[in-house]
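In: Quick one: sequence and predicted model below, then my questions.
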Amino acid sequence: MDNIGEVLKFLRRKEDFVSGDYISKKLDVSRTAVWKYINHLERYGYTINKSKGKGYMLLKTPDRLYPWEVDRYRNTAILGERIIHQENVDSTNIVAFKLALAGEPEGTCVIAESQNKGKGRLGRKWCSPVEKNIYLSVVARPQVHPSVVYPITFLSSLAVYDTIETLTGEKPTLKWPNDVLMHGRKVCGTLLELSTEADMVRFVIIGIGFNVNMAADELDDEIREKASSLAMETKKLYERALVCGMLLSNLEKYYLRFKQEGEREICRVWEERASIKGKYMAINQIGESYKGIAEGIDNDGAILLNIDGKIKKIIAGDVSF
Ligand code: BT5
């Protein structure tokens with residue numbers, strides 16, 4: 001289906017009919033091949049006006065995260081060079097993890113329209129309704145020591161932050177360690193999963209769940225009060241391929257910065273963006289809760305909490321303000 005994106009480019013060039021003959025000459029394929037591509041496009045959900053004498057005219061593009069749609073908005077050299085798009089998967093992280101184990105190169109993305117076993121951290125569930133949001137897992141091979149991997153979560157949050165700011169003009173809130181919120185409600189979470197060997201990371205799967213067009217009645221009861229989407233917060237719908245392309249571009253920008261400037265720099269950027277210093281918060285770890293004032297983020301991504309004058313370093317947990 002390599003030529004599908006190319007055929008679409010011709011159809012998009014003008015709001016008029018494009019002849020099959022023209023496309024076949026440009027792509028150096030037969031007229032029958034063009035006809036087959038058009039049929040494929042229809043099966044993918046595109047609405048195309050077909051006229052015997054005039055050719056083809058694109059009337060409607062489905063809101064799908066097909067690789068050739070995301071490519072239109074992606075400005076990256078590594079992330080998304082290969083996109084594996086699936087209608088439904090258990091979890092994009094599970095699919096990407098298996099691919100990475102089998103040697104998939106850095107940058108490959110698994111994107112699904114829905115997940116039936118979407119995962120949060122600690123075995124929690126990620127609500128993943130069909131064709132509404134972005135469920136994306138990126139294979140990264142950063143060649144670093146396992147101890148510096150944690151801040152990779154921040155890369156994702158920062159990329160989502162920039163994407164939201166560009167799209168809406170609003171600044172979201174970053175909540176340690178992996179949440180992005182709008183008006184106090186979670187619109188994005190990141191799940192990192194890694195495979196390591198001795199002193200080296202073999203690969204990291206960066207799993208991003210970003211709520212784009214989800215409506216209030218699609219939220220599971222358990223998250224009704226605390227989750228939201230771009231659409232719910234701004235009262236308009238977004239072209240998900242555009243959002244996804246922007247997200248990948250922003251993620252690559254921060255990923256390159258992570259590689260060049262190191263995890264400390266990323267922690268500083270995240271810390272500043274999250275304006276975390278001086279905030280009073282409670283951090284729940286399995287079975288324990290700590291309350292104190294945030295002093296900042298350590299160089300490995302842990303949060304430093306001042307509890308009655310004593311600094312406690314916490315590497316994992318859930319924050320509530
Ligand atoms: C996360 O975990 O926030 C990580 C979520 C990562 C999801 C992506 S989707 C693509 C990739 N494939 C996967 O299988 N996973 C990744 P955590 O911080 O543990 O938050 C989980 C909690 O967020 C749940 O217990 C709910 O309370 C809440 N939640 C569940 N679904 C949500 C949603 N769609 N939007 C906002 N909050 C949600």
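Out: That came through fine.

In: Regarding the residue of the chain found nearest the ligand, what is its secondary structure?
Out: Closest residue of the chain to the ligand, C-beta to the nearest ligand atom: G189 (1.9 Å). In short, each C-beta sits where N, CA and C put it, glycine included. Recorded secondary structure, G189: strand (DSSP: H, G, I helix; E, B strand; the rest coil).

In: Also E87?
Out: Under three-state DSSP, E87 comes out as strand.

In: Identify the residue spatially nearest to it, adjacent ones excluded.
Out: In space, and not counting its chain neighbours, E87 is closest to E113: 5.2 Å by C-beta to C-beta, 6 or more residues apart in numbering.

In: residues in contact with that neighbour?
Out: 64-65, 85-88, 130-131, 135 (C-beta atoms under 8 Å, 6 or more residues apart in numbering).

In: Could you pick out the buried ones from those residues?
Out: Buried members of those, scored by 16 or more other C-beta atoms under 10 Å, are 64-65, 85, 135.

In: Which members of those occur in helices, if any?
Out: When those are checked against helices using DSSP state H, none is located there.

In: gap between the longest helix anywhere in the chain and the chain center?
Out: If you go by DSSP H, the chain has its longest helix at helix 240-261. Chain-centre distance of helix 240-261: 9 Å, with C-alpha atoms, centre = their mean, to the nearest Å.

In: In the helix or strand just after that helix, which residues are buried?
Out: Next helix or strand after helix 240-261 toward the C-terminus (DSSP states H and E): helix 263-274. Residues of helix 263-274 classed as buried: 263, 266-271, 273-274 (neighbour count, 16+ other C-beta under 10 Å).

In: The residues you listed into TSV, with extra columns for pLDDT?
Out: Formatted as TSV, the buried residues of helix 263-274 follow (pLDDT from 0 to 100):
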residue	pLDDT
E263	96
I266	97
C267	97
R268	97
V269	97
W270	97
E271	96
R273	97
A274	97
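
In: ok, and which of these reach the ligand?
Out: Among the buried residues of helix 263-274, no residue is within reach of the ligand (C-beta under 6 Å from any ligand atom).

In: Any chance of CSV for those residues, columns distance to I23?
Out: Shown next, in CSV, are those (distance: C-beta to C-beta, whole Å):
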residue, distance to I23
E263, 48
I266, 45
C267, 50
R268, 51
V269, 46
W270, 47
E271, 52
R273, 46
A274, 49
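
In: of these, closest to K54?
Out: R273 (52.2 Å; C-beta to C-beta).

In: What parts of the stretch 51-200 of the chain come near the ligand?
Out: 91-93, 115, 118-122, 124-127, 135-137, 178, 186, 189-191.

In: Counting neighbours, which bits of stretch 290-299 end up buried?
Out: Quick answer for stretch 290-299 (16+ other C-beta under 10 Å): 292, 294-298.

In: cool, and stretch 200-216?
Out: Buried residues in stretch 200-216 (16+ other C-beta under 10 Å): 201, 203-214.

In: neighbours around the closest residue to N88 other than its chain neighbours, how many?
Out: Computed as C-beta to C-beta, 6+ apart, the closest residue to N88 that is not its neighbour in sequence is S114, at 4.9 Å. Neighbours of S114 under the rule other C-beta atoms under 10 Å: 16.
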